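Enquirer: Coordinates for the following, if possible.
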Amino acid sequence: MVDAAPHQQPAGLVVAGRGQRRRRSRWLTGAVVVVVLAAGAAVWAARPFATRSPAKAGVTDNAYPVSLATVSRQDLLSQTELNGTLGYAGSYTVAYQAGASAASAASAVPAGSSSSGSDTFTWLPAAGQVIRQGQPLYDVNGTPVVLLYGSTPMYRSLSEDLTGADVAELNADLVALGYVTSAEIPAGSDTFTGWTEYGVEKLQAALGVTQTGALSLGQVVFLPTAALVSSLTASLGGQAQSGSTVLAVTSTTRQVSVALDPAQQSEIAVGDKVGIVLPDNQTIPGVISSVGTVATTPSSADNSASAGGSAPTPTITVLVTPTGAPSTGSWWDQASVNVTVTTAAAHDALVVPVDALIALASGGYAVEVAEADGVHKLVPVSLGMFDDADGLVQITSSGLTVGEKVVVPGI
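Expert: Here you go, the predicted structure:
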């Protein structure tokens, strides 16, 4: 078996891509095996078949069937295929936390204090429900715990003259909800002003609670985005114990997670365009949004190696975001999908089928050209980019032109 060896590319050859494609090697190796077995590498290299009759589709050549393919120019794509899991970006756990005044409260950060023993869940959302900015996540003792957007969790009561990242989040939420204007609370303001108090009163009025103009610890939950309820731990009518998990949520943003072989890391990069093949075989566009830098061993593998199984394989996490696509199906969660990454492209490339390549005994590659007068000859070629999906290879050669016929193995 002869495999492709690195070689110098002629000027003008477009060769693109990040890393040698494994599938490319399989194409090339398979093509060489077919051709060498069909005719023998030494025979191919020794004579140009000048006296042989023209090859036609369905005829045999040296007792093996062969066909003819046409040299052409077209655009090529170099692609890598990956297996992924379609889900949602980001996951969060919301835990109940009783406020200092024994009012109902919550926090998105687990707390370890003991239960007050007096609080009861009086409303809970359903799994699959989406909760957005300014809407209740759940009720305790008939009082709603509201969702606001922000990455800093609520860790204290908020009232006039306080400053900090949590206050900045509250101010931004009040403006986004329309309770105050950006002229009243400028963007980036991290101070609890009279306008903040005014906005909080309007929020409390919308929720139907007492309008104090201040927020007790845990009366809101800050999360980075809208929350899709994935599971419930609390039960309606159950006791609300401080620090216990109420529910788990994710963002509403679709995301594909890929466990990548570290050997393929050089083949992809953030910003690469991809195609995502959904469970119903619909293909939608996407883009690579994150490529991990540290390989980790999947926890699900446990200790299979010590139990006599093979050692778990470390992987790198790659995240893919669908872009401008039709619906990915809200019913598809943790579904297996295929991700095709376009890593390079060659425009108007001179191409032949991969299985037209012949490995020369002296090194390098050639194709067998069937001329119009019936003469066959070997023409050396230099290899460029491989299009694995269509089984084509980019070539350069001073002895080939578009429209010429080359010999390929037949069926």
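Enquirer: Show me where the stretch 201-350 of the chain has its strands.
Expert: 220-223, 227-232, 245-250, 254-260, 273-277, 283-291, 316-322, 335-353 (DSSP state E, counting those that start in this stretch).
Enquirer: Now do the contacts for the residue nearest the centre of the chain.
Expert: Residue closest to the average C-alpha location in the chain (Cα atoms, centre = their mean): Val320, at 1.8 Å. Val320 makes contacts with 84, 255-258, 274, 276, 286-289, 339, as judged by Cβ atoms under 8 Å, 6 or more residues apart in numbering. In short, each C-beta sits where N, CA and C put it, glycine included.
Enquirer: Am I right that Gln204 is in contact with Gln211?
Expert: Yes - counting by Cβ atoms under 8 Å, Gln204 does reach Gln211; the two are 4.6 Å apart.
Enquirer: Could you check how many residues crowd around Leu400?
Expert: Neighbourhood size, Leu400 [other Cβ atoms under 10 Å]: 18.
Enquirer: What values do phi and psi take at it?
Expert: The phi/psi pair for Leu400 (degrees, to the nearest 10) reads phi -120, psi 140.
Enquirer: roughly how far apart are it and Thr70?
Expert: 11 Å (Cβ to Cβ, to the nearest Å).
Enquirer: Please apply the same query to Leu247.
Expert: 62 Å.
Enquirer: For the two, work out which one has more neighbours and name it.
Expert: Taking other Cβ under 10 Å, Leu247 and Thr70 do not tie; Leu247 has more neighbours (24 against 12).
Enquirer: secondary structure class for the residue lying closest to Val180 once chain neighbours are set aside?
Expert: Distances taken as Cβ to Cβ, 6 or more residues apart in numbering place Gly199 nearest to Val180, at 4.2 Å, with adjacent residues excluded. At Gly199 the chain is in helix, as set by DSSP: H, G, I helix; E, B strand; the rest coil.
Enquirer: hang on, the earlier thing: Gln204 and Gln211: who's more crowded?
Expert: Neighbours of Gln204 and Gln211, each counted by other Cβ under 10 Å, are more numerous for Gln204; the result is 20 against 13.
Enquirer: Please name the bridge partners of Leu232.
Expert: Leu232 forms beta bridges with Leu247, as assigned by DSSP bridges.
Enquirer: neighbours of it, just the number please.
Expert: Count around Leu232 with other Cβ under 10 Å applied: 17.
Enquirer: now swap in Pro125 and tell me
Expert: Other residues lying near Pro125 total 19 when counted by other Cβ under 10 Å.
Enquirer: Also the one 3 residues further on?
Expert: When counting by other Cβ under 10 Å, one arrives at 12 neighbours for Gly128.
Enquirer: if we can go back for a sec, would you mind measuring from the residue nearest to the centre of the chain to Leu228?
Expert: Counting by Cβ to Cβ - Val320 and Leu228 are separated by 19 Å.
Enquirer: Surely Thr225 touches Leu148?
Expert: No - at 11.2 Å, Thr225 and Leu148 do not qualify as touching, with contact defined as Cβ under 8 Å.
Enquirer: Show me which of these two is the more surrounded one.
Expert: More crowded of Thr225 and Leu148, by other Cβ under 10 Å: Leu148, with 23 against 20.
Enquirer: In contact with the more buried one: list those residues for me.
Expert: Contacts of Leu148 (Cβ under 8 Å, 6+ apart): 133-134, 169-170, 173, 220-223.
Enquirer: May I have the beta-bridge partners of it?
Expert: Phe222.
Enquirer: May I see the buried residues of stretch 342-352?
Expert: 343-346, 349-352 (16 or more other Cβ atoms under 10 Å).
Enquirer: can I assume Lys405 is in contact with Val369?
Expert: Yes - Lys405 is in contact with Val369 according to Cβ under 8 Å; the separation is 6.9 Å.
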